[in-house]
Every structure is written in structure tokens, then in C-alpha cells.
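Student: sequence below, structure please.
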Amino acid sequence: MPPPLVGWMRLLRIIDPLSKYVMPIAKEQKKSNLRMALVLASVAAAFMIGFIAKMALLGH
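Tutor: Predicted structure coming up:
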């Protein structure tokens, strides 16, 4: 009998009902995912700040 599903594991089970077990994400993978998210957020913030600065300095 599979272990009970809790939290995000339950959501993954809804998305992929054929999987019997959902493997937890390794600590290194979580750290890597967080780093990637921060890099992508920084790039998005830089574009947004650049766009706002362009609008403010050069007009509409």
C-alpha cells in the first residue's frame, strides 16, 4: 500500500493519476530550482525597471 499523500504530493497525484509513488525532490534540486527562480525574477525585474526608466526619461 502506498504511503499517504500530503500537500503538493496530492496535487501531483491529481495531475498524474497513473503514478503510484511521488518521489520527493532532493535538497540539491530544491536549491537549484530556487536559484533558477531568483535568476529569472531578477531578469524580469531588470526588464521592468528598464522599461519604466525608458518611459520616464524619454516620454510615452
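Student: send over stretch 40-51 as PDB, restricted to the C-alpha atoms.
Tutor: What follows is stretch 40-51, C-alpha atoms only, in PDB (Å, rounded to 0.1, in the frame of the first residue of the first chain):
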ATOM      1  CA  LEU A  40      14.600  34.600 -13.800                       C
ATOM      2  CA  ALA A  41      12.900  37.000 -11.300                       C
ATOM      3  CA  SER A  42      16.000  39.300 -11.500                       C
ATOM      4  CA  VAL A  43      15.900  39.300 -15.300                       C
ATOM      5  CA  ALA A  44      12.200  40.100 -15.300                       C
ATOM      6  CA  ALA A  45      12.800  42.900 -12.700                       C
ATOM      7  CA  ALA A  46      15.600  44.400 -14.800                       C
ATOM      8  CA  PHE A  47      13.400  44.500 -17.900                       C
ATOM      9  CA  MET A  48      10.600  46.100 -15.900                       C
ATOM     10  CA  ILE A  49      12.900  48.700 -14.400                       C
ATOM     11  CA  GLY A  50      14.400  49.400 -17.800                       C
ATOM     12  CA  PHE A  51      11.000  49.800 -19.400                       C
END
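Student: residues contacting it, please?
Tutor: Residues outside stretch 40-51 that contact it (CB atoms under 8 Å, 6 or more residues apart in numbering): none. In short, each C-beta sits where N, CA and C put it, glycine included.
Student: for residue 38, grab the count of nearby residues.
Tutor: When neighbours are counted by other CB atoms under 10 Å, residue 38 registers 10.
Student: where's it, which helix or strand?
Tutor: Assigned by DSSP states H and E, residue 38 belongs to helix 27-58.
Student: any idea of the mean pLDDT in that helix?
Tutor: Throughout helix 27-58, pLDDT has a mean value of 95.
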